[in-house]
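Chemist: Structure for the following, please:
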Amino acid sequence: MSAGSGTAIRQRGAWIGLLLGGLGLLEVALVLARGGGYFVVVPRLAIVLPLAVIGLVSALAALEVGERLDAVAWLGLIVLAGVGWNICVYSVKFGRNVWGILVSYAHPHGIDFRDGLYDPARAFTTVHSGWPPLSLYLGRPFTLLGFSAAYKVQFVILLALAVAATVLSTKLAMRAVGENDRPADGRLLGLVLGLWLLTSYGFLYEIERGNIDLYALVFSLLAVWFTVRGARSPWLPATFLALAVGLKLYPAVLVVVLLWRYRWRAVLPLAVTTLAALLIAGPANLAHSVTTLQALSTSRTAQWWGQDSATAMTHVLHDHTAWAPAWVFWPLIAVPLALWATTLVVLVRRGWSERGAVLASSACVPLMAIVPPVSNDYKLVLCVFPLAVLAAAVSALRREPAIAWIVVFGALSYATIFLARSTILVAASLQGSKYTLLVLLQVLLLVTATWPSAARDEALSVRSRAVAGGSSAASPAR
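Modeler: Modelled structure (predicted):
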């Protein structure tokens, strides 16, 4: 290695990635040397091999060896590595039976679709579903078909919604890039995130169960899109948000973004549209939904180690560690709430901007999985939005300070691989919980919001808008 190369490695912080990658490769060699057969070697490699890949790719991204590549392209290599490890390694062993290894099959396929949408819509009652009342109307057209045919239609719709969610997430993510920074390649970003979503455990789980988180996600992204695009009236984004809340309650956290954008003008549209969505099937069905949700929140379902909530993480700690105190739930819920609130305060204090609005919206997503007591892994499809925002932002951020940049890129790569990994492949333990990965996303979003160049670009963006169109903090011009 030449002196110039060594200097570049030190200056760009690539030594951190090389160190991590080298240690990972050493661990891989030790695991392979010990042997023990497929069911011994593969679980041992499950951590060390991805870390080796993350370290080496992070170092290359910092150095940008050869042709200059966007950080999104390097993240694409991480996604491909994740697909190779999370799916292909197991496909070689189990062949067509691999899906039963990656996803916990239920009988029949689409059982959530049947119990939460199809049967309740046919009986027009939420007594047993626990889903908000608007789902009765969503499920009504499916009842024109038999259950098997209706589930196949739902399967196709979920595929289409996954594509739509990727496109919307990408378009919004491109608006999280400062105007004075080098933008990411939008089409490449969409391809990378589309590959991540369609091969992720959360998506496989979603389509196997036939759940409707992707419906709620697309409506939520449309609400954010029209808010960010500067819709003059709050009614349109409020209507899309109400549709999301009417299907899954957790998107309600996005009201903070609409209130930030429209202030008091958003109160009436939010109240009217949300109440209409919740009461559209009558007060009795709303009451049944609330009662069923309360029962689920205190059941064994909320304690399963494969869920993402703070409640489930509490039970994992109690069951698998000897040190967790009885009150451990409170810091587990307080930390993500504090990270979310801090991110919003940082962004709101700078004044309204498209970049700030997108970051604030994506910062709301981890809470959607952490706060509800029942938060099954198919909700991980929501992560396509914050991952897209982080990928675009990290690609555009200045590479100074270099060490901080490579740490952020490496942490994003880690989240990208392990959020897509099947929980079923991991024995009941802390490794199986995605709670810590969701908190990691929150930390990365906060770091992105406070990155040194971000504040400068934000100020320049606001001033340029004010000069061009006389924008105000409450009503930016388009």
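Chemist: C-alpha only now, for contacts and for neighbours.
Modeler: Fine.
Chemist: For the stretch 351-478 of the chain, which segments are assigned as helices?
Modeler: 354-370, 384-396, 402-419, 435-449, 452-469 (DSSP state H, counting those that start in this stretch).
Chemist: How about the stretch 201-350 of the chain?
Modeler: Taking DSSP H, counting those that start in this stretch as the criterion, the stretch 201-350 of the chain carries its helices at 201-209, 213-228, 235-247, 255-262, 267-279, 283-297, 310-320, 329-349.
Chemist: Stretch 378-395: how far from the chain's middle?
Modeler: A distance of 5 Å separates the centroid of the chain from that of stretch 378-395, by C-alpha atoms, centre = their mean, to the nearest Å.
Chemist: Give the ranges of residues in the protein that sit below the confidence cut-off.
Modeler: 1-11, 65-69, 178-183, 302, 399-400, 427-430, 452-478 (pLDDT under 70).
Chemist: From the recorded domain assignment, give the ranges for it.
Modeler: 1-68, 69-469 (automatic domain parsing).
Chemist: Tell me which of those sits most buried.
Modeler: domain 69-469 (a mean of 20; mean count of other C-alpha atoms under 10 Å).
Chemist: Check the offset of it from the chain's centre.
Modeler: Distance, stretch centre to chain centre, for domain 69-469: 4 Å (C-alpha atoms, centre = their mean).
Chemist: What distance do you get for Gly210 to His288?
Modeler: Separation of Gly210 from His288 (C-alpha to C-alpha, to the nearest Å): 22 Å.
Chemist: between the helices of the stretch 201-350 of the chain, which one is nearest to Tyr38?
Modeler: helix 201-209 (21.4 Å; C-alpha to C-alpha).
Chemist: Which strands and helices lie in contact with that closest one?
Modeler: In terms of contacts (3 or more C-alpha pairs under 8 Å, 6 or more residues apart in numbering; DSSP states H and E), helix 201-209 is packed against helix 111-113.
Chemist: Please name every helix or strand in contact with the helix it packs on.
Modeler: helix 201-209.
Chemist: what inclination does the helix it packs on have with respect to helix 402-419?
Modeler: 20 degrees (axes from the mean of the first three to the mean of the last three C-alpha atoms, to 10 degrees).
Chemist: residues making contact with helix 201-209?
Modeler: By C-alpha atoms under 8 Å, 6 or more residues apart in numbering, the surrounding residues in contact with helix 201-209 are 102-106, 109-113, 155, 158, 197-198, 212-213, 377-381, 419-423.
Chemist: Just the residues you listed: which are in strands?
Modeler: Judged by DSSP state E, strands contain none of the contacts of helix 201-209.
Chemist: Please produce TSV containing the helices of the stretch 201-350 of the chain, extended by distance to Glu27.
Modeler: Converted to TSV, these look like this (distance: least, C-alpha to C-alpha, whole Å):
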stretch	distance to Glu27
helix 201-209	26
helix 213-228	38
helix 235-247	45
helix 255-262	45
helix 267-279	53
helix 283-297	41
helix 310-320	25
helix 329-349	32
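Chemist: Let me know which of those is the nearest to Val358.
Modeler: Closest to Val358 of those is helix 213-228 (C-alpha to C-alpha; 7.2 Å).
Chemist: CA atoms of stretch 233-252 as PDB?
Modeler: C-alpha atoms of stretch 233-252 as PDB (Å, rounded to 0.1, in the frame of the first residue of the first chain):
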ATOM      1  CA  SER A 233     -55.700  23.300   2.100                       C
ATOM      2  CA  PRO A 234     -55.100  20.800   4.900                       C
ATOM      3  CA  TRP A 235     -58.200  18.800   3.900                       C
ATOM      4  CA  LEU A 236     -56.500  16.600   1.300                       C
ATOM      5  CA  PRO A 237     -53.600  15.400   3.500                       C
ATOM      6  CA  ALA A 238     -55.900  15.100   6.500                       C
ATOM      7  CA  THR A 239     -58.200  12.900   4.400                       C
ATOM      8  CA  PHE A 240     -55.400  10.500   3.400                       C
ATOM      9  CA  LEU A 241     -54.200  10.400   7.000                       C
ATOM     10  CA  ALA A 242     -57.700   9.600   8.200                       C
ATOM     11  CA  LEU A 243     -57.900   6.700   5.700                       C
ATOM     12  CA  ALA A 244     -54.700   5.400   7.200                       C
ATOM     13  CA  VAL A 245     -55.900   5.800  10.800                       C
ATOM     14  CA  GLY A 246     -59.200   4.200   9.800                       C
ATOM     15  CA  LEU A 247     -57.400   1.000   8.800                       C
ATOM     16  CA  LYS A 248     -54.600   1.000  11.400                       C
ATOM     17  CA  LEU A 249     -54.500   3.400  14.300                       C
ATOM     18  CA  TYR A 250     -50.800   3.900  14.500                       C
ATOM     19  CA  PRO A 251     -50.400   6.400  11.700                       C
ATOM     20  CA  ALA A 252     -52.200   8.900  14.000                       C
END
